[in-house]
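Chemist: Sequence and predicted structure are below.
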Amino acid sequence: MEKIDFKKEYRELYTAPKGNPVIVEVPPLQYLMVDGSGDPNTSPRFRDCMAGLYPVAFTLRFAVKAEEQIAYSVMPLQGLWWLPGEDFDFSVKDRWLWTLMIMQPDYVTEPRFEAARESAKNKESLSIFDELRLEVFEEGVAAQIMHIGPYADEAPTIEKLHEFIHQEGHSLRGKHHEIYLGDPNRSAPEKLKTIIRQPIE
């Protein structure tokens with residue numbers, strides 16, 4: 001049985017110094033994705049999306065382990081956040097649009113994805129399963145920083161990241177991106193680790 005730690009394989013994408021932004025090159029990677037809108041703290045849609053993503057991600061992991069003899073851990077949840085036609089504003093959560101996603105290795109093919117989705121639908125009746133998709137996301141050059149603490153306290157970290165980008169002579173492009181390395185159900189809010197990433201040009 002081969003074991004692969006994709007967080008180590010893509011170490012520069014899943015680590016970042018606290019307080020010191022860095023620039024990274026993000027290769028095209030495929031993700032299990034689903035879209036939504038609204039405040040994630042109160043949106044039923046957000047809860048449904050979370051409830052749909054993880055069963056399919058774990059089913060895919062088990063399928064690859066059984067069929068390819070390759071074991072890997074389910075990757076961290078990630079989120080793209082934006083406002084249509086506007087700069088991202090941390091304070092207007094009720095107007096946010098978002099995509100939740102979990103990175104999938106190349107062993108996860110479209111047929112395997114479809115089989116995993118059908119398997120999940122047979123176990124639990126959630127309409128959100130029909131909206132999941134497997135898609136390659138090409139982010140390119142980006143700047144990122146580690147935020148440690150509650151999600152609600154991210155604004156100063158985001159401002160620091162944006163200041164760094166401008167000081168380095170770049171401009172912002174694309175969508176605000178967050179990678180959740182901690183589990184809010186298991187970690188104290190002050191210990192949560194979140195990589196905040198912003199594509200640049």
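Modeler: Looks like it arrived, so ask away. Numbers count the residues shown, from 1 in each chain.

Chemist: isn't Glu178 right next to Arg197, touching?
Modeler: Yes. Glu178 is within contact range of Arg197, at 7.2 Å (criterion: C-beta atoms under 8 Å). C-betas here are computed from N, CA, C, even on glycine.

Chemist: more neighbours, these two?
Modeler: Arg197 (25 against 21; other C-beta atoms under 10 Å).

Chemist: Let me know whether my guess that the more buried one is in a strand holds.
Modeler: Yes. Assessed with DSSP: H, G, I helix; E, B strand; the rest coil, Arg197 lies in a strand.

Chemist: What's opposite it in the beta bridge?
Modeler: Per DSSP bridges, the residues bridged to Arg197 are Gln144, His177.

Chemist: From Glu86, how far out is it?
Modeler: Plainly put, Arg197 is 19 Å away from Glu86 if you go by C-beta to C-beta, to the nearest Å.

Chemist: distance of His166 from Val22?
Modeler: Taking C-beta to C-beta, one finds His166 at 15 Å from Val22.

Chemist: cool, Pro28 as well?
Modeler: Counting by C-beta to C-beta, the gap from Pro28 to Val22 is 20 Å.

Chemist: out of these two, which sits in the more crowded spot?
Modeler: Val22 (14 against 9).

Chemist: Nice, that's everything, thank you.
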